[in-house]
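# I would like to see how this sequence folds:
(6 chains)
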Protein chains: 4
Amino acid sequence: MQKKNHLVPRKLPCQERSRVTVAAIYEAASQVFTRNGYSSTTTDLIAERAGVSIGTLYQYFPSKDAILVGLWENHFLQARALVEGLIREIEGLRFVDREVVARVIRRALQANMEDRVQHRLFVGDIPWPQAVIEKELELGRFIKSRLEDVFRRAPNLRVRNPRVAAHVAYGSVYALIHEYILYWTTEVGMDEFIREVTDMLVRYVFTGEERVVPAERFEAEGARA
Amino acid sequence: MQKKNHLVPRKLPCQERSRVTVAAIYEAASQVFTRNGYSSTTTDLIAERAGVSIGTLYQYFPSKDAILVGLWENHFLQARALVEGLIREIEGLRFVDREVVARVIRRALQANMEDRVQHRLFVGDIPWPQAVIEKELELGRFIKSRLEDVFRRAPNLRVRNPRVAAHVAYGSVYALIHEYILYWTTEVGMDEFIREVTDMLVRYVFTGEERVVPAERFEAEGARA
Amino acid sequence: MQKKNHLVPRKLPCQERSRVTVAAIYEAASQVFTRNGYSSTTTDLIAERAGVSIGTLYQYFPSKDAILVGLWENHFLQARALVEGLIREIEGLRFVDREVVARVIRRALQANMEDRVQHRLFVGDIPWPQAVIEKELELGRFIKSRLEDVFRRAPNLRVRNPRVAAHVAYGSVYALIHEYILYWTTEVGMDEFIREVTDMLVRYVFTGEERVVPAERFEAEGARA
Amino acid sequence: MQKKNHLVPRKLPCQERSRVTVAAIYEAASQVFTRNGYSSTTTDLIAERAGVSIGTLYQYFPSKDAILVGLWENHFLQARALVEGLIREIEGLRFVDREVVARVIRRALQANMEDRVQHRLFVGDIPWPQAVIEKELELGRFIKSRLEDVFRRAPNLRVRNPRVAAHVAYGSVYALIHEYILYWTTEVGMDEFIREVTDMLVRYVFTGEERVVPAERFEAEGARA
DNA sequence: AATGAATGAGGCTTCATTCAT
DNA sequence: CATGAATGAAGCCTCATTCAT
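Next up, the predicted model:
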């Protein structure tokens, strides 16, 4: 077993100096985790890269896992913020067309490239703490359920089964973005990539008009008509 | 580095008894690797699960890595056989239509479900031996280049850039199949899943007619018309 | 083969505490190596004898071999210092007579008794790192070539072949000293031992006068005569 | 602890075939022991070299040590036979002079070269079974006591202390022979080597006449004189 | 707070030996 | 008798973590 609180950062850095230290540790950790994988990374190496002693590292993090969890927490917060921002934005629109889809994909891609550190990390054989897995799955479920809503309520889509389509749409885009960042960056231009993914997605879900009207607005406008 | 022959099986089992032993080790290894991930799996655990002593395990495998490589070799051979079979089959057809695509996806899905053991395994942060990485990438490249050929030569497709489209098409289907096997099996029926993926792919690459005529035949038939 | 730096001490102790630790490890190692031989000595045993944990041992030495090499390095340095001291001393003399020979043997004996630890150690079937072997041979060659010089240039010696005689003289004295220290200490008094070895050596190389005049001085004095 | 009879060959080979097998094992063992040292030699390797299975090896030898002991036993028997032969021969002589000494040294050298295999083996860090050590020491003591006798009873020698002189004489010759065989063979011719060693020994123990008359004869002849 | 020396459980691997065939 | 598969104790070494300074 593990002691309690083995996964949350040990103390909040309240002085300026400490905050710098913690940041350095996170930075170092994400570098070496990314380069070597989680299990091949030693805490000594992280400390060294961060320019602090191993003792100092353990003042802020109660375990190696805690560093990973902290890193992941950041990732999760950012990801959720992004998703929520995008959703809010879309809901403000009159309709969703090709351009909107392309924009969303571009935003997701950019966000993921910014902390490209996370990619190798949140994939793989690390025996994650269950709590982390739960949250990760929850994020996915959240996004997929929002997608499903859209698919279900927009009348001019041609998906057969909104739930499955949400899985498929989210799953492919998610995977393609990661693949792109990890392996294709040098071979394929970003604009080209986005255009193709957009093509795929749009052709998959849109009817010929290539435009989606969300349910509420559809009803509102339909009533008017 | 490592002594030579640290990755190839140490001795070929020549008695019947030992062939059983080796099989048991592979079976046990794929189970525990799958469940715990590579680095959290100990050789002791593999041996125990296989019902043999640790010494016996090391009579056939010179290292923990070698077991993984052996497992991977199987996977690679099967995967390549599958791909080559499918390609040969397709090349024998007069044209590729929705049904053909669906059939191919189903075959790939089934093949991957049969050794579902491989999934968690061949993804992740394991520091793979370089040779293995190369072969894995090669397999991917092989498949993608075949796809690209199809995209490039079939005139009635609407992909903008055959190379990118090959990446995108292969990448999504590959990822979706793995996601499905790992996470969605209980939620989503197989037929439904295949139908959706087929929809996505067909709408992505086909023109309205939803049928692809390979270049050679197209020319041949086109000439007749 | 082996990773680089598998033979050199891993980190230099920079606190006082750790210098003590390293010394304790060396001391313990030389005791148990001496008592049990190299291959029968476990690193656990060394650590226990040194009163430190196995982890501590490996903070300073990257491998079992490295401990041995470190021990040997000390031995080598001391031995060379001794030899060079003796040579310098002899070269300052007007001539070499029985007393000088006896004194040299006594000094060599004493030096070897001080770190008697080394005796069992630097004999035997340990598969030494090649570098170590080279240096050990080099030390021997160095001493023998100095001896050969003396034999060759001193005119009033009666050795037939200076090179062979150097081998023989050095070889016997070296072996006798080790034998004495290892096995005869309790049976044979030190003075008696030295007297006999001196007898042997002197009678072997000196003419009746039992005195050797080095070439330069001989010529110088001979010229005067 | 060890089971009883862990050191003696398990069964006497009574059939012709078995005798061949045992001989092959001894031959293989002495080769690999010599090349790699005792502790780096595995029983598997011995068996392989001998062309038999490991199971067969253990039918004739109850342990790895037992092989070594068996090998050593041969060595011991040969050595003692040699010594006794030489002694008997010397005792038949009227006196011992330079030629006799040279002849003895040559015989010892040749005998040791014949099974040069033994050299690396019977030196070193092997944790020998106590019984073996005892017998080895006994052989040395036996030879030395015979030498001491000679030194004590021959009146025309000039050794100060016969016991110490026996140690010194035997110790140097023994060591020189081994050194020669192991390291000097290519550099120094055998005849030259023998001449020098003889020089050393003769000058050490003989008076000017370079001839020793054994006590009995001395008395006998002295009485006559 | 920071440092880095110390800890020790536990992982991978070897190899002498046994035993079923 | 021969074979070689199986055994498991024990060795070397790593690395997450603690603690004295």
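# The residue most central in space within chain A: what's its closest spatial neighbour, skipping adjacent residues?
In chain A, the residue lying closest to the centroid (C-alpha atoms, centre = their mean) is A:Ala79, at 4.3 Å. Nearest residue to A:Ala79, sequence neighbours excluded (C-beta to C-beta, 6 or more residues apart in numbering or on different chains): A:Leu139, at 6.2 Å. Bear in mind the C-beta positions are built from the backbone N, C-alpha and C, glycine included.
# repeat for A:Leu157
A:Val205 (5.3 Å).
# one step back: quick check, the residue nearest to A:Ala79 in contact with A:Arg80.
Yes: counting by C-beta atoms under 8 Å, A:Leu139 touches A:Arg80, with 6.3 Å between them.
# ok, back up a step: tell me the mean pLDDT for the helix or strand hosting the residue nearest to A:Ala79?
For A:Leu139, the host element (DSSP states H and E) is helix A:130-153. Average pLDDT, helix A:130-153: 82.
# Output it as PDB, nothing but the C-alphas.
This file holds the C-alpha atoms of helix A:130-153, laid out as PDB (Å, rounded to 0.1, in the frame of the first residue of the first chain):
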ATOM      1  CA  GLN A 130      -6.700   4.800 -10.400                       C
ATOM      2  CA  ALA A 131      -7.800   8.300  -9.600                       C
ATOM      3  CA  VAL A 132      -5.900   9.600 -12.600                       C
ATOM      4  CA  ILE A 133      -7.300   7.100 -14.900                       C
ATOM      5  CA  GLU A 134     -10.800   8.000 -13.800                       C
ATOM      6  CA  LYS A 135     -10.300  11.600 -14.400                       C
ATOM      7  CA  GLU A 136      -8.800  11.000 -17.800                       C
ATOM      8  CA  LEU A 137     -11.700   8.800 -18.800                       C
ATOM      9  CA  GLU A 138     -14.100  11.300 -17.400                       C
ATOM     10  CA  LEU A 139     -12.600  14.000 -19.600                       C
ATOM     11  CA  GLY A 140     -13.100  11.800 -22.600                       C
ATOM     12  CA  ARG A 141     -16.600  11.000 -21.600                       C
ATOM     13  CA  PHE A 142     -17.400  14.600 -21.100                       C
ATOM     14  CA  ILE A 143     -16.300  15.500 -24.500                       C
ATOM     15  CA  LYS A 144     -17.900  12.600 -26.100                       C
ATOM     16  CA  SER A 145     -21.200  13.300 -24.500                       C
ATOM     17  CA  ARG A 146     -21.100  16.900 -25.700                       C
ATOM     18  CA  LEU A 147     -20.500  15.600 -29.200                       C
ATOM     19  CA  GLU A 148     -23.200  13.100 -28.900                       C
ATOM     20  CA  ASP A 149     -25.600  16.000 -27.900                       C
ATOM     21  CA  VAL A 150     -24.700  17.900 -31.000                       C
ATOM     22  CA  PHE A 151     -25.100  14.800 -33.200                       C
ATOM     23  CA  ARG A 152     -28.400  13.900 -31.600                       C
ATOM     24  CA  ARG A 153     -29.900  17.300 -31.800                       C
END
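# And the pLDDT at the residue nearest to A:Leu157?
88.
# With A:Leu7 instead?
Looking at A:Leu7, the pLDDT reads 72.
# any idea how far it is from chain C?
Distance of A:Leu7 to chain C, given as C-beta to the nearest C-beta, to the nearest Å: 25 Å.
# count of neighbours near that residue?
Neighbourhood size, A:Leu7 [other C-beta atoms under 10 Å in any protein chain shown]: 20.
# Now it. Nearest residue, chain neighbours left out?
A:Val69 (4.8 Å).
# Next, that neighbour: phi, psi?
phi -60, psi -40 (degrees, to the nearest 10).
# Tell me how many other residues crowd the residue nearest to A:Leu157.
26.
# mind listing what it touches?
A:151, A:157-159, A:165, A:169, A:212 (C-beta atoms under 8 Å, 6 or more residues apart in numbering or on different chains).
# downstream neighbour of the helix holding A:Leu139 in the secondary structure list?
Criterion used, DSSP H and E; the element after helix A:130-153 is helix A:162-179.
# now the angle between helix B:162-179 and the next helix or strand after that next one, please.
Of the helices and strands lying after helix A:162-179 in sequence (DSSP H and E), the nearest is helix A:190-205. Going by axes from the mean of the first three to the mean of the last three C-alpha atoms, to 10 degrees, helix A:190-205 is angled at 60 degrees with respect to helix B:162-179.
# which of the residues in helix A:190-205 are buried?
A:193-205 (16 or more other C-beta atoms under 10 Å in any protein chain shown).
# Could you single out the nearest of those to chain D?
Comparing these against chain D with C-beta to the nearest C-beta picks out A:Phe193 as the nearest, at 56.7 Å.
# distance of that closest one from A:Val96?
20 Å (C-beta to C-beta, to the nearest Å).
# what's the answer for A:Tyr58, then?
49 Å.
# higher neighbour count, the two?
A:Val96 (21 against 15).
# Looks like the more buried one contacts A:Ile90 (just checking).
Yes: A:Val96 lies in contact with A:Ile90 (C-beta under 8 Å); the separation is 6.4 Å.
# Where does the prediction get shaky in chain A?
Within chain A, the stretches with pLDDT under 70 are A:1-5, A:10-15, A:115-129, A:155-156, A:208-225.
# domain assignment for it?
A:16-62, A:68-224 (automatic domain parsing).
# And the residue of chain A closest to chain D?
A:Ser40 (31.0 Å).
# Looks to me like that residue is in a strand.
No: with DSSP: H, G, I helix; E, B strand; the rest coil as the criterion, A:Ser40 is coil rather than part of a strand.
# Quick check: it vs DNA strand E, distance?
With distances taken as C-beta to the nearest atom of the strand, to the nearest Å, A:Ser40 is found 12 Å from DNA strand E.
# Backbone torsions only: list them for that residue.
Main-chain dihedrals, A:Ser40, degrees, to the nearest 10: phi -80, psi 0.
# distance of it from B:Tyr38?
11 Å.
# More neighbours: those two, which one.
Using other C-beta under 10 Å as the criterion, A:Ser40 and B:Tyr38 rank with B:Tyr38 on top: 24 against 14.
# so that one makes contact with B:Val69?
No: using C-beta under 8 Å, B:Tyr38 makes no contact with B:Val69, being 11.4 Å away.
# Around chain B, pick out the residues from chain A.
Proximity of chain A to chain B (C-beta under 8 Å from any C-beta of the partner chain) is limited to residues A:36-40, A:120-121, A:123-127, A:159-161, A:163-165, A:167-169, A:171-172, A:174-176, A:179, A:184, A:187-188, A:192-193, A:195-197, A:199-200, A:203-204.
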